[in-house]
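Peer 1: Give me the fold of what follows.
(2 chains)
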Amino acid sequence: KAGVTQTPRYLIKTRGQQVTLSCSPISGHRSVSWYQQTPGQGLQFLFEYFSETQRNKGNFPGRFSGRQFSNSRSEMNVSTLELGDSALYLCASSLTGMNEKLFFGSGTQLSVL
Amino acid sequence: GESVGLHLPTLSVQEGDNSIINCAYSNSASDYFIWYKQESGKGPQFIIDIRSNMDKRQGQRVTVLLNKTVKHLSLQIAATQPGDSAVYFCAESGNTGKLIFGQGTTLQVKP
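Peer 2: Next up, the predicted model:
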């Protein structure tokens, strides 16, 4: 069974631009969660989607948004990029998303210049 | 708010010794706990998990201990190997279902 796939692997953007990251979960998994990882803040929860609905949301500004499609694939979007948005963005999938282990992708490394 | 903390940012051990990585959590309503290992350039990889109705769970060379009285979680790695060198994260979740991660402990294994 294929693991969680994230694309692209690396991205370089400039301040003010927007970016879209993609995540394909493990087949059969209906929950997709997104995390931001930085050296200073560790793994911070962004949001979680289940059956195309956002079920949980972390403490991030509205510039961070996401969606999930009927095939459980998910995208996250960051608008009006800031230097502080430079981070590794990790996607994780699970069957139900409720108190169970998450399977992570390798992440998208975003650099904002 | 919710927070999960680790006692030490870096742990250095000799190859073959046992390693113990500690984690403290603050949410007494948490009922699911999990440990992840993250190697450079990769996403976190599941190691072992435990639910609040247990206080110990063993896997292959790893043991997780949960002390709900003092809200403490630990990961024990037996006969530590160079391949165990990585950053280790604990995480917990409660009634919201979302996993909250600690800051991570870097395990360095000396040959």
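Peer 1: in chain B, what residue is nearest chain A?
Peer 2: residue B:43 (3.4 Å; C-beta to the nearest C-beta). Quick note: C-beta positions are derived from backbone N, CA and C, even for glycine.
Peer 1: Tell me what the spatially closest residue to residue A:67 that is not a sequence neighbour is bridged to.
Peer 2: Distance criterion C-beta to C-beta, 6 or more residues apart in numbering or on different chains; nearest residue to residue A:67, sequence neighbours excluded, is residue A:75 at 5.8 Å. Applying DSSP bridges to residue A:75 gives these bridge partners: residue A:22, residue A:67.
Peer 1: List the contacts of residue A:75.
Peer 2: Residue A:75 makes contact with A:20, A:21, A:22, A:23, A:66, A:67, A:69, according to C-beta atoms under 8 Å, 6 or more residues apart in numbering or on different chains.
Peer 1: Apply 6 Å and report the result again.
Peer 2: Residues near residue A:75 by C-beta atoms under 6 Å, 6 or more residues apart in numbering or on different chains: A:20, A:22, A:67.
Peer 1: Assumed the first one was part of a helix.
Peer 2: What it means is residue A:20. No. Going by DSSP: H, G, I helix; E, B strand; the rest coil, the assignment for residue A:20 is strand, not a helix.
Peer 1: which SSE is the closest residue to it other than its chain neighbours in?
Peer 2: Using C-beta to C-beta, 6+ apart and skipping residues adjacent in sequence, the residue nearest residue A:20 is residue A:77, 5.0 Å away. Secondary structure assigned from DSSP states H and E places residue A:77 in strand A:74-78.
Peer 1: quick one: buried residues of that strand?
Peer 2: A:74, A:75, A:76, A:78 (16 or more other C-beta atoms under 10 Å in any protein chain shown).
Peer 1: And that strand, how far out from the chain middle?
Peer 2: Distance, stretch centre to chain centre, for strand A:74-78: 6 Å (C-alpha atoms, centre = their mean, to the nearest Å).
Peer 1: Beyond that strand, next helix or strand please.
Peer 2: strand A:87-94.
Peer 1: Relative to that following strand, what are the paired strands and their orientations?
Peer 2: Partners of strand A:87-94 in the sheet, by DSSP bridges, are strand A:31-38 (antiparallel), strand A:103-104 (antiparallel), strand A:108-112 (antiparallel).
Peer 1: give me the number of residues near residue A:37?
Peer 2: Using other C-beta atoms under 10 Å in any protein chain shown, residue A:37 is surrounded by 20 other residues.
Peer 1: what sits opposite it in the beta ladder?
Peer 2: residue A:43, residue A:88.
Peer 1: what does residue B:106 give?
Peer 2: Going by DSSP bridges, residue B:106 forms beta bridges with residue B:10, residue B:87.
Peer 1: Could you list the low-pLDDT ranges of chain B?
Peer 2: Applying pLDDT under 70 to chain B flags residues B:1-7.
Peer 1: Point out the residues in it that sit beside chain A.
Peer 2: B:32, B:34, B:42-44, B:46, B:49, B:93, B:96-98, B:101, B:103-104 (C-beta under 6 Å from any C-beta of the partner chain).
Peer 1: what about 10 Å?
Peer 2: Applying C-beta under 10 Å from any C-beta of the partner chain, we find that chain B lies next to chain A at B:1-2, B:4, B:6, B:30-36, B:38, B:41-49, B:51-52, B:87, B:89, B:91-104.
Peer 1: No more questions from me, cheers.
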